[in-house]
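Student: Show me how the following folds:
(2 chains)
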Amino acid sequence: MSMTDLLYARAQMGLSLAFHIVFAAAGVALPVLMVLSDLKHRRTGDADYRKLSEKLAKGTAILFAVGAVSGTVLSFELGLLWPEFMGRYGEVIGLPFSLEGMAFFTEAIFLGIYLYGRERVSPGLHLFSGVMVAVSGAASAFFVTLVNTFMNNPSGFTPTPAGPTDVQPLVAMFSPGWQYQTAHVLLSCYQASAFAMAGIHAFILLKHPGASFHKKALSVALPLACVTALAQPLVGDLSAKHVARAQPVKLAAMEAHFHTEAGAPLKVGGWPDVEKRTVTGAIDLPRGLSILAFADPNAEVKGLEEFPRDVWPPVAKVHMAFQVMVGTGSLMALLALATLWRRWRGREWPHGKGMMRAWLVAGPLGLVALEAGWLVTEWGRQPWIVRDVMRTGAAVTPVPHLAAPFFTFTAVYLFLGVTVLFVLWRQVAGTLPKGPGADVEGEVAHVH
Amino acid sequence: MSTETWVLGLAVAGTFVLYALLGGADFGGGVWDLLARGPRKAEQRALIARAIGPVWEVNHVWLIVGLVLLFSGFPRAFAALSVALHVPLTLLVLGIVFRGTAFTFRAYDTRGDVVERRWGVVFSVASVVAPLLLGMCVGAVASDAIRMQGHAVVSGFFASWLSPFALSVGVLTLGLFAFLAAVYLTHEARTHELAEDFRRRALVTGGLLFPLALAALLLSREGAPRVWTGLLQTPFALALHAGTAVAAVTAFALLWTRRFRAARVAAATQGGLIVLGWAASQAPYLVYPHLTLQSAAAQPVVQRLLLVALAVGLVLVVPSLVLLFRVFGPRGQAPRAPEAPTT
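Tutor: Numbering: from 1, shown residues only, chains lettered A, B, ... in the order given. Predicted coordinates for the structure are as follows:
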């Protein structure tokens, strides 16, 4: 196994996950938005909400299908790229994977009923199916995140040179920190999807300020976007405190914190120089890191210098990804505060030009934060695939020429990504008013 | 070998059977989309799309469940097979990706014949390639051509799945999936003419299955000697084959006499017994002679918990599946069923 093949294997896994994660997040969150608009339709009798729920259902169908096949790719890639990891630890983490499979089953079943059964089943069963899709989606994200928690904080087995013994699957399934990581991930799915949806409708409202359909769509997306954007920093803080205790080297890399220090400052931005062990251009918030990590302004925070050089994660990458996640998260929280303030003052969800511009810009930030956060946890665990137990390099397949599948999948995913955007845009375009300022009703050019 | 190991091994085989009968038929539908011809070409394609639409993702989950049970219950076998069959499995996954996405794009982005047809071609070609590769992987496993030293695979990345025997199993798999789809579609069809179209297709492919199976059997003598002896010498295997033959002849007779509902059951029995026949000829080996169910098995506590998780999952999944198939089965369909959700 050459170093290049290891890099290609990591790149292919990373690419596949980065691609899948977008569709998985949408598969978790869009059903919730779809059911919420369905409920609004039932309560108000307003046909626009029904149309919105149908549009969201179509979006869910397209994104779920891509998520299902890209998820299949991942379950094969676990073996195709990391056979030593699966051969040894498959049995330790099989339980959450199996439960995820079951949740995937119910999600697919009830999505089929919801999408194709509107005319065939009772309204009650139809709504129940939508709820089941949302619940199953959340459950499968929950279970698969448990696997990642295990890789970060492995527990429930005794490592030996021949592999794990004394396996306790339930202990492994709930490895330390599971509650923070699952909450953080689930919130990020809802937040990313709600922000993306709000961004799309803000974009249309900027062009067609009178489009009432899109105002109603915003009134469905904004509450979820605001609530999750405000809850996420709190959960993220709990998560960071857990990382500080359980994975101090990851925290040190996130903060590019080279030297052990009591009352350590929080570095905002900056570029770490690993050789010189310095950070240039960062803004220091005094004692910020000690507060962030241990809720104590005088707490000592271990620096990277405490750890052997060969177990350092790639410091610059982890630090930058963490800055991006926290930065975008903070912007989204501020926008949520401003929006809620305007909602409280104006008694309706704001749709003025300024606010719409802000939401348009914020639209992609949820996904950016989601990807950045995932990079923090994955890069931050390197060089381990199972922390302190198995190195990523020891898990990789002996199959040579891994550049070939990497470039193939890159091309395929680029093509699919562009196609999905195009197809989704055509769905949205079907709801556009024909003339400027015209109302949508009665003028929709149906895609069918 | 413990009871748990046997049950878990049976569960893996069971998911493969269900994937072949349900997911396999969805691939078969793609084959008939590619081969649609005659005056009712468009109606044939519409029927296939309507039959597959609500269920293909669900049917596909059986593969995921089988895979997860394999790597959780028999992790060493999963690792070895993933290395030895890296190339065909990667190609299979690409086929699965293109089949699913093209079908979805075609269903939800209908705008004119040209684009729709282009997605249709991607969907149907991928539906032909994927079963071939799946069958070739099965052929490679059955032929004992995968060799290991310790945990390392030493038989190379190509020879095992490109042997004549593996190729013959690939073609047989494709034929079986096309046959299953044609038989199911006779019962799904709303008009007599459409039912007749698929009846003819079912009879022809059903007839082709006999020489294809015979070819695979003859090639197994050289290419998969243990299958050859296993298929012909153990009483259990012989009973399975007798059952398969009876089911095949019954399916043929029922198709001939146009009893489509019963023909579905007979064809599914035939397909299921073929997959079980493969599993029986393999047992207890997962990768001969290196890995058996027992030697590859996870620790007993893991096996027990997996079975519990499977049982709990099935309690939720089975009633939901029954509901799904009732809503979308041929009898549950409303008089004017939409092909895709309408707005």
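Student: ok now the helix or strand harbouring residue A:194, how far from the chain's centre?
Tutor: In this structure, residue A:194 sits in helix A:178-207 according to DSSP states H and E. Taking CA atoms, centre = their mean, to the nearest Å, one finds the center of helix A:178-207 at 9 Å from the center of the full chain.
Student: Quick check: next helix or strand after it?
Tutor: Once helix A:178-207 ends, the next helix or strand along the chain (criterion: DSSP H and E) is helix A:212-246.
Student: In chain A, which residue sits nearest chain B?
Tutor: Nearest residue of chain A to chain B: residue A:94, at 2.2 Å (CB to the nearest CB). From N, CA and C alone the C-beta is placed, and that goes for glycine too.
Student: Give the burial count for that residue, as a bare number.
Tutor: Neighbour count of residue A:94, defined by other CB atoms under 10 Å in any protein chain shown: 30.
Student: Quick check: phi and psi at it.
Tutor: Dihedral angles of residue A:94 (phi, psi; degrees, to the nearest 10) stand at phi -70, psi -30.
Student: Same question for residue B:37.
Tutor: phi -160, psi 170.
Student: For the longest helix anywhere in chain B, which residues meet the burial criterion?
Tutor: With secondary structure taken from DSSP state H, chain B has its longest helix at helix B:192-223. Buried positions in helix B:192-223, judged by neighbour count with 16 or more other CB atoms under 10 Å in any protein chain shown: B:194-195, B:197-199, B:201-203, B:205-206, B:208-209, B:212-213, B:215-217, B:219-220, B:223.
Student: Likewise for stretch A:262-270?
Tutor: In stretch A:262-270, counting by 16+ other CB under 10 Å, buried: A:263-267, A:270.
Student: For chain B, name the helix or strand with the lowest mean pLDDT.
Tutor: For chain B, the helix or strand with the lowest mean confidence is helix B:225-233, at a mean of 78 (criterion: mean pLDDT, DSSP states H and E).
Student: Give me the buried positions along the helix or strand just after that one.
Tutor: Downstream of helix B:225-233, the first helix or strand assigned by DSSP H and E is helix B:235-256. Neighbour-count burial for helix B:235-256, with 16+ other CB under 10 Å as criterion, is recorded at B:237, B:240-241, B:243-244, B:247-248, B:250-252, B:254-255.
Student: Name the spans of the stretch 51-200 of chain B whose pLDDT lies under the cut-off.
Tutor: Across the stretch 51-200 of chain B, residues meeting the criterion (pLDDT under 70) sit at B:110-113.
Student: Tell me who's in contact with the residue of it at minimum distance from chain A.
Tutor: Residue nearest to chain A within the stretch 51-200 of chain B: residue B:72 (2.2 Å; CB to the nearest CB). By CB atoms under 8 Å, 6 or more residues apart in numbering or on different chains, residue B:72 lies in contact with A:90-91, A:93-95, A:97-98, B:298, B:302, B:306.
Student: Next one: it from residue A:90, what distance?
Tutor: As judged by CB to CB, to the nearest Å, residue B:72 and residue A:90 stand 6 Å apart.
Student: For the two, list the residues in contact with both.
Tutor: residue B:298.
Student: Name all residues that make contact with the closest residue in space to residue B:217 that isn't next to it in sequence.
Tutor: Excluding the flanking residues, the one nearest residue B:217 by CB to CB, 6 or more residues apart in numbering or on different chains is residue B:231, at 6.9 Å. Contact partners of residue B:231, counting by CB under 8 Å, 6+ apart, are B:217, B:220, B:237, B:241, B:277, B:281.
Student: Dump the residues you listed into CSV; add pLDDT as well.
Tutor: Formatted as CSV, the contacts of residue B:231 follow (pLDDT from 0 to 100):
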residue, pLDDT
B:217, 88
B:220, 89
B:237, 80
B:241, 86
B:277, 87
B:281, 83
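Student: Of those residues, which is the nearest to residue A:356?
Tutor: Taking CB to CB as the measure, residue A:356 lies nearest residue B:277 of the contacts of residue B:231, at 63.7 Å.
Student: what helix or strand is that closest one on?
Tutor: Residue B:277 belongs to helix B:260-282, assigned by DSSP H and E.
Student: Tell me the strands beside the helix or strand following that helix, with direction?
Tutor: For helix B:260-282, the succeeding helix or strand toward the C-terminus, using DSSP H and E, is strand B:285-287. The strands beside strand B:285-287 in its sheet (DSSP bridges) come out as strand B:291-292 (antiparallel).
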